[in-house]
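Colleague: Got a predicted structure plus its sequence, pasted below:
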Number of protein chains: 2
Amino acid sequence: MNLDFAKSDGLVTAVIQDHASGRVLMVGYMNEEAFGLTVKTGFATFYSRSRKKLWLKGESSGHRLVVKEISTDCDLDAVLVKVDAQGPGVCHEGYQSCFFRRLKDGAWQVVDQRTYDPSAVYGGKA
Amino acid sequence: MNLDFAKSDGLVTAVIQDHASGRVLMVGYMNEEAFGLTVKTGFATFYSRSRKKLWLKGESSGHRLVVKEISTDCDLDAVLVKVDAQGPGVCHEGYQSCFFRRLKDGAWQVVDQRTYDPSAVYGGKA
């Protein structure tokens, strides 16, 4: 029983959830190679749709995602990866989770505090 | 600040998480109309990529998803919807969560028990 990579142009959706807190940290996409590397290495690896290349999460920041558990859904086109997130945050904008904006009264409002300075980690490129 | 529907052919990825337990229940996709209806009605509404139409989750089963909170991610192409899930399960195969298979020793294994009989709910079509 294999993942259905054909449904979305060779990609499955990957939801990254903190293993301990249950917080959803980010959503990425994996092609078959990225998924295979995630399983083999134990570090979450994605396919960057914008850069069109494999992307080991943390390759620049050091904030790797250590895989604890992988599940898939009923139609095999999404995976849920529970991780132990190394470092202060997953989001390249300096937050623990990429989901740092919440809908309030029809507008997106930042509801989290930054956990690190992205310019110090990404050399001002973030 | 609007969601980026253009990045993925008019859709954003929607991660559905149980508001109380933190369990990720399913992943769906929303176009701008589905997202607007989700906000307006308070019930999660998706765009079905296979049926190419709007899909109020629970329209057949009665298992609606009551929206408690909506967040978006750094690049505005995914939403995290925390819900109160009505009924015994979200998955049309009879499980509480669509993520009922876990990777064990290189194979997907069912790790949950069914919470309802899908043939009784979907009239044998599931």
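Modeller: Here it is on my side, so go on. Numbers count the residues shown, from 1 in each chain, chains lettered A, B, ... in the order given.

Colleague: any idea how far the most far-flung residue of chain A relative to its centre lies from chain B?
Modeller: Distance to the chain centre peaks in chain A at A:Asp105, reaching 27.7 Å (criterion: Cα atoms, centre = their mean). Separation of A:Asp105 from chain B (Cβ to the nearest Cβ, to the nearest Å) stands at 11 Å. Just so you know, the C-beta spots here come from the backbone N, C-alpha and C atoms, and that holds for glycine as well.

Colleague: do the same with A:Thr45
Modeller: 15 Å.

Colleague: Please apply the same query to A:Val90.
Modeller: 10 Å.

Colleague: Over to the residue positioned nearest the centre of chain A. Which of the three states is it?
Modeller: Centroid-nearest residue in chain A, with Cα atoms, centre = their mean: A:Met26, separated by 4.2 Å. Following DSSP: H, G, I helix; E, B strand; the rest coil, the label given to A:Met26 is strand.

Colleague: ok, what's across the strand from it?
Modeller: Using DSSP bridges, the bridge partners assigned to A:Met26 are A:Ile16.

Colleague: ok, it to B:Val39 distance?
Modeller: From A:Met26 across to B:Val39, the span is 22 Å (Cβ to Cβ, to the nearest Å).

Colleague: coming back round to it: quick one, what contacts the residue farthest from the centre of chain A?
Modeller: A:Asp105 sits next to no residue when contact means Cβ atoms under 8 Å, 6 or more residues apart in numbering or on different chains.

Colleague: so what's it scoring on pLDDT?
Modeller: In this model, A:Asp105 is scored at 93, pLDDT.

Colleague: Give me the distance between the two termini of stretch A:7-17.
Modeller: Stretch A:7-17 has an end-to-end distance of 23 Å (criterion: Cα to Cα, to the nearest Å).

Colleague: what does chain A put close to chain B?
Modeller: A:1, A:7, A:13, A:15, A:17, A:21-24, A:26-27, A:39, A:49, A:69-76, A:78, A:80, A:91-93, A:95, A:98-103, A:106-108, A:111 (Cβ under 8 Å from any Cβ of the partner chain).

Colleague: mind redoing it with 6 Å?
Modeller: By Cβ under 6 Å from any Cβ of the partner chain, the part of chain A that sits against chain B consists of A:1, A:13, A:15, A:22, A:24, A:27, A:70-74, A:78, A:80, A:91, A:93, A:98-99, A:101-103, A:108.

Colleague: Distance-wise, check the residue in chain A positioned nearest to chain B relative to B:Gln113.
Modeller: Of all residues in chain A, A:Gly22 sits closest to chain B, at 3.2 Å by Cβ to the nearest Cβ. According to Cβ to Cβ, A:Gly22 stands 21 Å off from B:Gln113.

Colleague: Just want to know which of the two has more residues nearby.
Modeller: A:Gly22 (14 against 9; other Cβ atoms under 10 Å in any protein chain shown).

Colleague: confidence score at that one?
Modeller: Reading off the model, A:Gly22 has pLDDT 98.
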